[in-house]
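**Student:** Structure for the following, please:
(one chain, ligands or ions: 1)
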Amino acid sequence: MALIHYYQGSMYAGKSTAAVNTLLQAPHYQERIIISPSWHARGFLSRNHGKNEINEEELTILPDLDALDFHVIASPIKRLLVIDEVQFCPKEKLIQLLEMSNTSEHLDLIVAGLQVGQHGQPFANNALLLPYFANKMTIIHAPCALCQSKEGLVAVRKWLIDDHIRDEYSLLCKSCFDKFFAYGRGSLPIPDPLFDKNK
Ligand SMILES: [Zn+2]
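**Tutor:** Below you'll find the model as predicted:
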């Protein structure tokens, strides 16, 4: 039993999809748990796994690490734990879980999370996870919305005219992101799917 895999990458790259697929394809575990903030907030485990695709009787779905009972997961049954949005996990609890999984006969762990935040800064948890998952990592990126390279990294919130902020993101590669800040937020021609739709 062990630390199984770490899916790290940008928004829209399919990190959660990959982690959830692995979870669903592993019925041999006696218990399967997923920490999924998006399930409770938005009704899906990943963009490809909405309520209709998930049999809630097969999985234990929890909103965050605080909802996880550490005594229960220490019990000796074969258990798979998937943590999505691992970048937001409280450090102490995450370390405790990593140590448990690293030494336990019973707990397998898969994590998925963002590489960098909205200012391009790496999340602190990434450095924590790296030594544990050194040879068990997949780094995935979605395309950059501006130059179409396959290196999309930083998700920036879109701004609409009239200073209206919409909770929707465009993914930029590092080089376009740096230009974005050099020019100022409003001036780069980030494609806007909603605007194009209305044309
Ligand atoms: Zn780019």
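
**Student:** mind listing what the helix or strand hosting Lys158 pairs with, with the direction of each?
**Tutor:** Element membership for Lys158, per DSSP states H and E: strand 154-160. In the sheet, strand 154-160 lines up against strand 164-172 (antiparallel) (DSSP bridges).

**Student:** now this protein, which segments are flagged as low pLDDT?
**Tutor:** 1, 159-167, 182-199 (pLDDT under 70).

**Student:** mind listing the strands in it by residue range?
**Tutor:** Secondary structure of the chain (DSSP state E): strands at 3-9, 31-35, 44-46, 49-50, 60-62, 79-83, 107-114, 137-140, 154-160, 164-172.

**Student:** Could you export those as a markdown table, including mean neighbour count and distance to Ala127?
**Tutor:** From N, CA and C alone the C-beta is placed, and that goes for glycine too. Formatted as a markdown table, the strands of the chain follow (neighbours: other C-beta atoms under 10 Å; distance: least, C-beta to C-beta, whole Å):
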| stretch | mean neighbour count | distance to Ala127 |
| --- | --- | --- |
| strand 3-9 | 21 | 12 |
| strand 31-35 | 21 | 20 |
| strand 44-46 | 21 | 25 |
| strand 49-50 | 17 | 29 |
| strand 60-62 | 17 | 25 |
| strand 79-83 | 24 | 16 |
| strand 107-114 | 25 | 12 |
| strand 137-140 | 15 | 13 |
| strand 154-160 | 18 | 18 |
| strand 164-172 | 15 | 23 |
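
**Student:** who wins for proximity to the ion among these?
**Tutor:** strand 164-172 (5.7 Å; C-beta to the ion).

**Student:** mind exporting the strand holding Lys158 as PDB, just the C-alpha atoms?
**Tutor:** Below are the C-alpha coordinates for strand 154-160, written out as PDB (Å, rounded to 0.1, in the frame of the first residue of the first chain):
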ATOM      1  CA  VAL A 154      -1.800  30.400 -14.800                       C
ATOM      2  CA  ALA A 155      -5.600  30.700 -14.700                       C
ATOM      3  CA  VAL A 156      -6.600  34.400 -14.700                       C
ATOM      4  CA  ARG A 157     -10.100  35.700 -14.000                       C
ATOM      5  CA  LYS A 158     -11.700  37.200 -17.000                       C
ATOM      6  CA  TRP A 159     -12.800  40.800 -16.900                       C
ATOM      7  CA  LEU A 160     -15.700  42.100 -18.800                       C
END
